[in-house]
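Undergrad: requesting a structural model of the entry that follows:
(chains A, B, C and D)
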2 protein chains.
Amino acid sequence: MKAKPLNADSSTEEKIKAAARKLFTQQGFAAVRTRDIASEAGINLALLNYYFRSKEKLFEIIMLENLGHFFQGVAIIVNDEKTSFYKKIELLVDFYVTRLLNNPDVPLFVLNEARNNPQKLPMQFNLMDSFFMKQFFTEVKAGKVKAMNPGHLLINIMGLSIFPFAAKPMIQRVRGISDKEYESLMIERKKLVPEWIKSMLEVKK
Amino acid sequence: MKAKPLNADSSTEEKIKAAARKLFTQQGFAAVRTRDIASEAGINLALLNYYFRSKEKLFEIIMLENLGHFFQGVAIIVNDEKTSFYKKIELLVDFYVTRLLNNPDVPLFVLNEARNNPQKLPMQFNLMDSFFMKQFFTEVKAGKVKAMNPGHLLINIMGLSIFPFAAKPMIQRVRGISDKEYESLMIERKKLVPEWIKSMLEVKK
DNA sequence: GTCTATAATTCGATAGAC
DNA sequence: GTCTATCGAATTATAGAC
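TA: Take a look at the predicted model:
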């Protein structure tokens, strides 16, 4: 078995992937030119086609990576039988916000891809069959949380966690705040969103 | 002054605009070919350039229309001095959901545009100076609602109202529900989102 | 593996007939 | 106003030298 080179991340292949990841994620497939990727990677256009056969192949690799950012880890969180219902909400929000702080362009990319190529989304992963959902129904039956269509719960968790990243440029425009301020707002949300979700689920006396 | 033709909506110009609106809104500027627009409109490519000088000009028209869907009406709602703080929240949510039920592709389009061309967004419209925000601060000072960074309030209202439309294909994929079911979920949200926002703002005793 | 040069295709835009 | 035919620029992909 061949040993991986020590500097796998600085190999030419990785440089191209890094450039492609940046540009594709920010601008989408159609808006990016392979020339731009090559230039961003500091290499030649021909070399890009030498490593990856085509623009499509390279894009698919990046897409799978980005989808991973979105779905990887979620399955583990929602199916852990040792954590409580509310703890899972905290973990989910923290997971999304933490990951997206480092990859703020991923949400729009994934949402666009989901619309343009829904068949490429991981289908096996059915949130409705998760242990998290079982816990939700248990809480509802016990009268501990308000009954609602579980779709609302999922939309609310994701909407409150993910939307602010997808809408960052728009919100910064209508509010006029800096990148730094926006980041600290997002960090605040790690704590606030679970509290809000809790309030929404609270049974009124 | 010349009278408008009675069938303005079926004129060639309108047919082209309708086709462009559909394709640009669904796929974005770069992914759409002028040939596709012409074909969708049932006319020739040359005719498209006869009516609108270029792809860019046509796109700008569509973009302004779509931005209108998003911002038009919001300014009126948030600056009405006769409606209460909570009433405005109800009106905002209803406005977004109602409009987006008929234009479900607009949110992703606007979010993409806001990122790609932030300078083209209407800047004059500063939500922070609105009467709605004054009312929020009044409520906070009176101890009637929880204090929070007003950015969170805006993000939450928009996230809970708009995100489900931007994420529709993804959510349908992970939940496996039909278009019809999804629509009734959205209609439910007109009533539920304002209630949830209220819960989030409630001062705990 | 990496480059230069170029082939092959696509796409926006126009010329010119009707 | 509307069409066919085509130009010219841009872009993906490859051939071939080093």
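Undergrad: do you know the pLDDT at the residue positioned nearest the centre of chain A?
TA: For chain A, A:Phe70 is the residue whose C-alpha lies nearest the centre (CA atoms, centre = their mean; 3.1 Å). On pLDDT, A:Phe70 comes in at 82.
Undergrad: do stretch A:180-192 and chain B meet?
TA: Yes: judged by CB under 8 Å from any CB of the partner chain, stretch A:180-192 and chain B are in contact via A:185, A:188-189, A:192. For every residue, glycine as well, the C-beta is placed using N, CA and C.
Undergrad: out of the residues you listed, who's nearest chain B?
TA: Nearest to chain B, judged by CB to the nearest CB, of these is A:Leu185 at 5.4 Å.
Undergrad: go ahead and confirm the closest one touches B:Leu153.
TA: No: when contacts are counted by CB atoms under 8 Å, A:Leu185 is not listed as touching B:Leu153 (11.4 Å).
Undergrad: and the helices in chain A?
TA: With helices called from DSSP state H, chain A shows them at A:12-27, A:34-41, A:45-51, A:55-71, A:74-79, A:85-102, A:106-116, A:131-141, A:150-166, A:168-175, A:179-201.
Undergrad: how many neighbours does A:Ala166 have?
TA: By the criterion of other CB atoms under 10 Å in any protein chain shown, A:Ala166 has 31 neighbours.
Undergrad: skip the chain neighbours and tell me the closest residue to it.
TA: A:Pro107 (4.2 Å; CB to CB, 6 or more residues apart in numbering or on different chains).
Undergrad: would you mind measuring from that neighbour to DNA strand D?
TA: Using CB to the nearest atom of the strand, to the nearest Å, A:Pro107 is found at 24 Å from DNA strand D.
Undergrad: what's the answer for A:Leu45, then?
TA: Separation of A:Leu45 from DNA strand D (CB to the nearest atom of the strand): 5 Å.
Undergrad: show me what contacts that residue?
TA: By CB atoms under 8 Å, 6 or more residues apart in numbering or on different chains, the residues touching A:Leu45 are A:34-35, A:38.
Undergrad: closest one of these to A:Leu92?
TA: A:Thr34 (36.9 Å; CB to CB).
Undergrad: correct me if wrong: the residue nearest to the centre of chain A contacts A:Phe109.
TA: No: at 9.2 Å, A:Phe70 and A:Phe109 do not qualify as touching, with contact defined as CB under 8 Å.
Undergrad: which residue packs closest to A:Met200, ignoring adjacent ones?
TA: B:Trp196 (4.4 Å).
Undergrad: does the one you found touch A:Glu202 like I think?
TA: No: look at B:Trp196 against A:Glu202 with CB under 8 Å: they stay out of range, at 10.5 Å.
Undergrad: before we move on, the earlier item: for the residue nearest to A:Ala166, give me its contacts.
TA: A:70, A:100, A:162-163, A:165-166.
Undergrad: go with 10 Å
TA: A:25, A:66, A:69-70, A:96, A:100, A:158, A:161-168, B:111, B:163, B:166-167 (CB atoms under 10 Å, 6 or more residues apart in numbering or on different chains).
Undergrad: tell me the pLDDT of A:Met1.
TA: At A:Met1, pLDDT is 43.
Undergrad: likewise for the one 5 residues further on?
TA: Among the per-residue scores, A:Leu6 shows a pLDDT of 48.
Undergrad: now do A:Thr138: how many residues are near it, please.
TA: Using other CB under 10 Å, A:Thr138 has 12 other residues around it.
Undergrad: please disregard the earlier target; I meant A:Arg21.
TA: Counted with other CB under 10 Å, A:Arg21 comes out at 21.
Undergrad: would you agree it is in contact with A:Ile62?
TA: Yes: between A:Arg21 and A:Ile62 there is a contact under CB atoms under 10 Å: 5.1 Å.
Undergrad: quickly list what's touching both of those two.
TA: Counting by CB under 10 Å, 6+ apart, the residues touching both A:Arg21 and A:Ile62 are A:Phe109.
Undergrad: find the residues that touch each one of A:Phe70 and A:Phe109.
TA: Each of A:Asn103 lies in contact with both A:Phe70 and A:Phe109 under the rule CB under 10 Å, 6+ apart.
Undergrad: the helix or strand of chain A with the lowest mean pLDDT near chain B anywhere?
TA: Least confident helix or strand, chain A: helix A:168-175 with a mean of 89, by mean pLDDT, DSSP states H and E. Yes: Helix A:168-175 is in contact with chain B by CB under 10 Å from any CB of the partner chain, via A:168-175.
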